[in-house]
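Colleague: Below are the sequence and a predicted model for it; my questions follow.
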Amino acid sequence: SDWRLGPKGRGQFAMFWTASCVIDELLSRETVVLEEVLDQDDVLDTCKVNHEPLVAYLTSENTMKQLLDHATTEPPAHLKEHIRFRYANLACEVLSSDHPPVTDALCSQYALGRIFEMLAPEAPLNPIVGSYFLKMLTVLYARKPAEVVEFIKEQPTILDRFLFHIGTPAVSDAFLMLLLLDFPIGTVICFQAWLRDQYAVMARIIDAFELAVGAAQAGLCAVLQELVLAARRSDAGAESPARDLLESLLSAPLASRIAAWACSQPAAGLPLLQRLLECPAEYQDDPLECMLELQRENRHLLDAVEARARDIHAILVTPPGGALTTASGPISVPLGATRIKAVTLVRVLVQGLRPDIIDRFRQTRTLAVCLDLFFQYPDNNIFQRQVAAIFRAALSPWNGAVHPLLPHILTDLYLAQRVMDGWHAGQDRARRGYLGLLAEIAEPLSRVDIQSVAPSTSAVVLQEWAAFVSNELAAYQQLTRTEIGGPKPPRPVVASDDESEDGDGNVTTVFSKYCEMMSSGGFDDDDDEMQHATWAGGFFMGGHQDDDDDELLDGGWSEEQPSEAFVRSMETSDDSSIVEEEERLRWQGNDSTDDLEEPSSPAHMIETPVLSVTLRNAPSQGSSRSQDSDDVIIVNTCLVDGITPIVNDAILDAPQLILSSSA
């Protein structure tokens, strides 16, 4: 049921069938208004359960026009915010409800024309209205892809409008979904071939790139990056629309344009180059094979990048942008995000397998600039991490031989000396932020035979380097290998049931032993461990009580114990003598225990264990009673459904209870 307020504010319940009754009443009117139907809270649920009168009303020609007017037109700006997009949102929810009759009406020529007319205005698209556009197209892509494709092929200017509004995130998502549509195999091949050959969609995207600025440029870059990821993830031999489009993007004419545009607009272009040239994360298990495959696929793009190596070097030396004011003071030449993107691209190219590009970096001394910036901006770990990855790649084997950059960085860049100078400078005052990443460069360098690779290195530098490796670097490595808080404590070894004597502490072993003894009629005298296990912890963990409590647990099994509950009270007198009043406490009102008959136990009860309850009462002020004195009450309990003890409620009123069991 649904709680609603009555006309005078009184609460009343509206049952689940009330909504459909209200909608039926509305639809029975001749002057019904769409807004009145949309105001009903359950209109969507009622539509999805195939309420025939409502579905017929919503899919009628006049109502569909009104719904499309609400969903595709931006409401007037003078309306209040809480009602401005109310009916537009409700209309979009109805149209994208994924109900077959509504979806069939939505893919009509009129409805498709109204949807794509949302891209017609020259003004930027409202993001909220753009979200309605994406939501309706998502349903059509999933349910009616062939109809959408045929409509677009008949009006190819729709794709131009996509590119015009590509700066709106919803439009860029819808455009990417269109490029990656997964139809029946015949339809998809036909449409992708039309996109690639007749429309030349990749060339149009690059044209838009060269003219776009701001959000439009970012939207195009995001579309291409997602397209590259989808193509890399698809199987090489399978039919994939993303892979076909990527092949046309990496053709020689477009590859040279991408490289030129990326160097002229580095903020958006360099990340695209990185995505095209870098091995995806899911293929890092076999990086060599991935690099070889990418080298074959990106051969035209790598040729274009090799010709633009000096432009990448210039971005590192003189990045775009001016001075930056920070809380710690002005920075005349900030490092900037563009330099980080440039050094990331250099790292990808150095890790690649193109010796001509690596040789071009050696000629331009690009790595020298990276190393200088590493020490110039000591607190930018994002940049320093990329530089450390570059030098680790240069210090690693390359195609089974020495990396072509290794002699360059040892002879021309004096890497060993620079590492020692940076290490000592970083500890003169407060520790510099680059010391950890500098150690990542020093560790692989310590395994290189510097004298054989760079014979011109002076003996003094070699001696200082050997001392640095054996003292400071070794101390740092030892420090990083030491676990904070000491080594982890060893985990306890739990014995299995197959181990005989050593498995007595295992929970399963103890419980099995307990069940055996209960089924055999009780415990033997030799089962001291089981008799001295505490009820709460000792039984399940195989533990022991303290020796001081042994006397309290020696009750064990005895034929003299009755099967009904009885209470033995041990009171401590002033002279510490123990007075036993078993006859009086067993049955009040009986003068003799001889007349008592032991009632027969039920068939499912075996001889019951003894539960010992120790009451430790705190002495009151002024009392001469010893704190060590205990009131001990022994309750004979019956075993019900396993090991559940039955304890008198009066016993539980004690200030502190210690429960122990002979079992």
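Modeller: Received it, and whenever you're ready, just let me know what you need. Numbering: from 1, shown residues only.

Colleague: In the protein, where is pLDDT below threshold?
Modeller: Across the chain, the ranges flagged by pLDDT under 70 are 1-20, 182-189, 235-239, 281-286, 428-429, 492-663.

Colleague: same thing but 50
Modeller: Scanning the chain for pLDDT under 50 picks out 1-18, 185, 497, 499-505, 527-663.

Colleague: so where's the longest helix in it?
Modeller: Determined from DSSP state H, the single longest helix within the chain is helix 215-233.

Colleague: quick check: angle from the helix or strand immediately after that helix in the chain to helix 215-233?
Modeller: Using DSSP states H and E, the helix or strand that follows helix 215-233 towards the C-terminus is helix 241-249. Counting by axes from the mean of the first three to the mean of the last three CA atoms, to 10 degrees, helix 241-249 points 110 degrees away from the direction of helix 215-233.

Colleague: Tell me the buried residues in helix 241-249?
Modeller: Neighbour-count burial for helix 241-249 flags Pro241, Ala242, Arg243, Asp244, Leu245, Leu246, Ser248, Leu249 (criterion: 16 or more other CB atoms under 10 Å). All C-beta atoms are positioned from the backbone trio N, CA, C, and that covers glycine.

Colleague: roughly how far apart are the first one and Leu159?
Modeller: Pro241 sits 15 Å away from Leu159, taking CB to CB, to the nearest Å as the criterion.

Colleague: got the CA coordinates for the one helix or strand Ala304 maps to in PDB?
Modeller: Ala304 belongs to helix 299-307 when assigned by DSSP H and E. Provided in PDB are the C-alpha atoms of helix 299-307 (Å, rounded to 0.1, in the frame of the first residue of the first chain):
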ATOM      1  CA  ARG A 299      54.500   2.000 -38.300                       C
ATOM      2  CA  HIS A 300      53.200   5.100 -40.100                       C
ATOM      3  CA  LEU A 301      52.500   6.900 -36.900                       C
ATOM      4  CA  LEU A 302      56.000   6.100 -35.500                       C
ATOM      5  CA  ASP A 303      57.500   7.400 -38.700                       C
ATOM      6  CA  ALA A 304      55.500  10.600 -38.200                       C
ATOM      7  CA  VAL A 305      56.500  10.900 -34.500                       C
ATOM      8  CA  GLU A 306      60.200  10.300 -35.300                       C
ATOM      9  CA  ALA A 307      60.000  13.300 -37.600                       C
END
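
Colleague: name the helices or strands packed onto that helix?
Modeller: Contacts defined by 3 or more CB pairs under 8 Å, 6 or more residues apart in numbering; DSSP states H and E place helix 299-307 against helix 252-264, helix 266-277, helix 355-364.

Colleague: returning to that earlier point: just list what the longest helix of the chain packs against, helices and strands only.
Modeller: When contacts are defined as 3+ CB pairs under 8 Å, 6+ apart, helix 215-233 sits against helix 169-179, helix 201-211, helix 241-249, helix 266-277.

Colleague: at 6 Å instead, please
Modeller: Judged by 3 or more CB pairs under 6 Å, 6 or more residues apart in numbering; DSSP states H and E, helix 215-233 is in contact with helix 169-179, helix 241-249, helix 266-277.

Colleague: a markdown table for those helices, including distance to Lys341?
Modeller: As requested, the helices and strands packed on helix 215-233 are exported to a markdown table (distance: least, CB to CB, whole Å):
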| stretch | distance to Lys341 |
| --- | --- |
| helix 169-179 | 20 |
| helix 241-249 | 20 |
| helix 266-277 | 4 |
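
Colleague: among those helices, which is nearest Asp45?
Modeller: Checking the helices and strands packed on helix 215-233 against Asp45 by CB to CB gives helix 169-179 as the closest, at 26.1 Å.

Colleague: Now do that closest one against helix 201-211, angle only.
Modeller: Using the same axes, to 10 degrees: helix 169-179 against helix 201-211 is 160 degrees.

Colleague: Show me what helix 169-179 is packed against.
Modeller: When contacts are defined as 3+ CB pairs under 6 Å, 6+ apart, helix 169-179 packs onto helix 127-143, helix 215-233.

Colleague: Residues contacting the longest helix of the chain, please?
Modeller: The contact list for helix 215-233 (CB atoms under 6 Å, 6 or more residues apart in numbering) reads 166-167, 172, 176, 180, 208-209, 212, 242-243, 246, 268, 272, 275-276, 280.

Colleague: Check stretch 137-157 too.
Modeller: 96, 98, 103, 107, 112, 158, 174, 177, 181, 183, 187, 191, 199.

Colleague: If any of those are buried, give me the PyMOL selection for them.
Modeller: Buried subset of the contacts of stretch 137-157, written as a PyMOL selection, criterion 16+ other CB under 10 Å:
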select buried, resi 96+103+107+112+158+174+177+181+183+191+199
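
Colleague: Now go through the contacts of stretch 137-157 and say which are in helices.
Modeller: Using DSSP H, these in helices are Thr103, Leu112, Ile158, Ala174, Met177, Thr187, Phe191.

Colleague: related to what we said a few turns ago, how about the helices and strands packed on helix 169-179 in a markdown table, adding distance to Pro487 and mean neighbour count?
Modeller: A markdown table is the format used below for the helices and strands packed on helix 169-179 (distance: least, CB to CB, whole Å; neighbours: other CB atoms under 10 Å):
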| stretch | distance to Pro487 | mean neighbour count |
| --- | --- | --- |
| helix 127-143 | 54 | 19 |
| helix 215-233 | 42 | 19 |
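
Colleague: With distance to Ser470 added, can I get the ones you listed in a markdown table?
Modeller: Formatted as a markdown table, the helices and strands packed on helix 169-179 follow (distance: least, CB to CB, whole Å):
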| stretch | distance to Ser470 |
| --- | --- |
| helix 127-143 | 62 |
| helix 215-233 | 45 |
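
Colleague: Figure out which of those is closest to Ala430.
Modeller: Evaluated over the helices and strands packed on helix 169-179, closeness to Ala430 peaks at helix 215-233, with 38.3 Å, by CB to CB.

Colleague: All the strands of the protein, residue numbers only.
Modeller: Counting by DSSP state E, the chain has strands at residues 2-5, 11-14, 324-326, 329-331, 567-572, 578-580, 610-615, 631-636, 657-661.

Colleague: From Arg204, how far out is the nearest residue to Ser234 once chain neighbours are set aside?
Modeller: Of all residues not flanking Ser234 in the chain, Ser240 sits nearest, at 3.9 Å (CB to CB, 6 or more residues apart in numbering). As judged by CB to CB, Ser240 and Arg204 stand 21 Å apart.

Colleague: Count the residues that sit near Leu119.
Modeller: By other CB atoms under 10 Å, 21 other residues sit near Leu119.
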